[in-house]
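**Student:** missing the sequence, but the structure's below:
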């Protein structure tokens, strides 16, 4: 398994665990009408910190263990796979943004109604997290395309 | 992943003839990863013209001794 494939597995694994937890917790809070900006910000910062620490730590360990220079340029097959992953990820992003934000816009009055204590803040939090979720899903798709492409050529 | 073009290669035999050169040694010689060399060898990936020439240069043979077009199998 090449270094870049290992890094893709690390990215998918850590993203699924850390951001999976974050979004499940967030949508549970939404369902229970318990959105708290302070708690959410703390959870977001902790998840970001954990995700970065896990990804950087494992990537360095993988690089050291495989004795490969982490900054070595990708070869032509890796560049081709990278390009394909970017294209597919971008295509999904193009579809996911309107698919998530249009319903959010249409549901704005309902969201405000559901959170009478802080309608504007809650709506903003849901919008921001919807955008964040789109970014995370796009990244997951990109890394999954990497893994599938590497497996096909392995 | 698009299907590879109908190209075969003799890299495995050429490696064997070159003092049983490993895929890693070939990869290092042409600036690629071992996984890419393995993919080329198994016809799962068609290299660029530049990489093809580099491979031929490593073995000191002409390009058509390394890569062959399977006649009659056009895509």
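**Tutor:** All right, it came through fine. A quick note: this is a predicted structure, and the numbers were derived from the prediction, not measured. Numbering: from 1, shown residues only, chains lettered A, B, ... in the order given.
**Student:** centre-most residue in chain A?
**Tutor:** For chain A, residue A:136 is the residue whose C-alpha lies nearest the centre (Cα atoms, centre = their mean; 1.8 Å).
**Student:** for the helix or strand hosting residue A:92, which helices and strands make contact with it?
**Tutor:** Here residue A:92 is covered by helix A:76-106, with elements defined by DSSP states H and E. Other helices and strands packing on helix A:76-106, by 3 or more Cβ pairs under 8 Å, 6 or more residues apart in numbering or on different chains; DSSP states H and E, are helix A:119-153, helix B:34-41. Any C-beta I mention is one placed from the backbone N, CA and C, and that applies to glycine too.
**Student:** if we can go back for a sec, correct me, but the residue nearest to the centre of chain A touches residue A:19?
**Tutor:** Yes - here residue A:136 reaches residue A:19: they are 4.8 Å apart, a contact under Cβ atoms under 8 Å.
**Student:** what residues does chain B put near chain A?
**Tutor:** Applying Cβ under 8 Å from any Cβ of the partner chain, one finds that chain B approaches chain A through B:1, B:31-36, B:38-39, B:44-45, B:47-48, B:51.
**Student:** residues from chain A in reach of chain B?
**Tutor:** Looking at chain B, the residues of chain A close enough under Cβ under 8 Å from any Cβ are A:1-3, A:5, A:75-78, A:149-150, A:152-154.
**Student:** buried members of those residues into PyMOL, please.
**Tutor:** The buried residues among these can be selected in PyMOL (16 or more other Cβ atoms under 10 Å in any protein chain shown) with this line:
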select buried, chain A and resi 2+3+5+75+77+78+149+150+153
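**Student:** before we move on, the earlier item: for the helices and strands packed on helix A:76-106, which one ends up most surrounded?
**Tutor:** Mean neighbours per residue, mean count of other Cβ atoms under 10 Å in any protein chain shown, is largest over the helices and strands packed on helix A:76-106 for helix B:34-41, with a mean of 22.
**Student:** run the chain-centre distance for the next helix or strand after that helix.
**Tutor:** Counting by DSSP H and E, the next helix or strand C-terminal to helix B:34-41 is helix B:49-59. On the basis of Cα atoms, centre = their mean, to the nearest Å, helix B:49-59 sits 8 Å off its chain's mean C-alpha point.
**Student:** low-confidence stretches in the chain?
**Tutor:** Just so you know, I chose chain A. Along chain A, the parts satisfying pLDDT under 70 run over A:66-71.
**Student:** not quite, go with chain B.
**Tutor:** Counting by pLDDT under 70, the low-confidence segments of chain B come to B:1-4, B:72-75.
**Student:** can you give me the buried ones in the host helix or strand of residue A:41?
**Tutor:** Using DSSP H and E, residue A:41 maps to helix A:37-65. Across helix A:37-65, burial judged by 16+ other Cβ under 10 Å covers A:40, A:43, A:47, A:50, A:51, A:54, A:55, A:58, A:59, A:62, A:63.
**Student:** and these, which two are furthest apart?
**Tutor:** Using Cβ to Cβ, the pair of the buried residues of helix A:37-65 lying farthest apart is A:40 and A:63, separated by 33.9 Å.
**Student:** name the nearest of the buried residues of helix A:37-65 relative to residue A:113.
**Tutor:** residue A:40 (20.1 Å).
**Student:** isn't the closest one right up against residue A:26?
**Tutor:** Yes - counting by Cβ under 8 Å, residue A:26 is a contact partner of residue A:40 at 6.9 Å.
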